[in-house]
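In: Need coordinates for the following:
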Amino acid sequence: MPTVDTQLSLSAPSEIRVSLVRADYLATSNIFRVVFEMFLTISSAIFGVALSSAVTKIHWVFLAVTTFSTFLFLGLSIWFNRRAKVGN
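Out: Below you'll find the predicted structure:
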């Protein structure tokens, strides 16, 4: 097997800071983000139906529930994402 002699010079900073991210909080944040997008899609579809056809009471109920869930999961996603970066 042939060998090759090479010269190497390396310069590096005296200190390297690595910010750690909690993987469990980040995974939870990603799950909440996916659920947020699902509820956002459903509430947008219900809002489109409400604009284009006769609106019944069940439309308003589902629109209220999905809109509330959208904002709830958005808030949870942001909260867990920040907790993952802080490392608590």
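In: Would you check how far apart residue 1 and residue 74 are?
Out: Separation of residue 1 from residue 74 (Cβ to Cβ, to the nearest Å): 59 Å. Glycine gets a C-beta too; all of them are placed from N, C-alpha and C.
In: Low-confidence regions, the protein specifically.
Out: 87-88 (pLDDT under 70).
In: Which secondary structure state does residue 12 sit in?
Out: coil (DSSP: H, G, I helix; E, B strand; the rest coil).
In: count of residues packed around it?
Out: 6 (other Cβ atoms under 10 Å).
In: of residue 1 and residue 74, who's got more company?
Out: Higher neighbour count among residue 1 and residue 74: residue 74, with 17 against 2, using other Cβ under 10 Å.
In: That one: which element?
Out: helix 57-86 (DSSP states H and E).
In: by contact count, what packs against that helix?
Out: helix 23-52 (3 or more Cβ pairs under 8 Å, 6 or more residues apart in numbering; DSSP states H and E).
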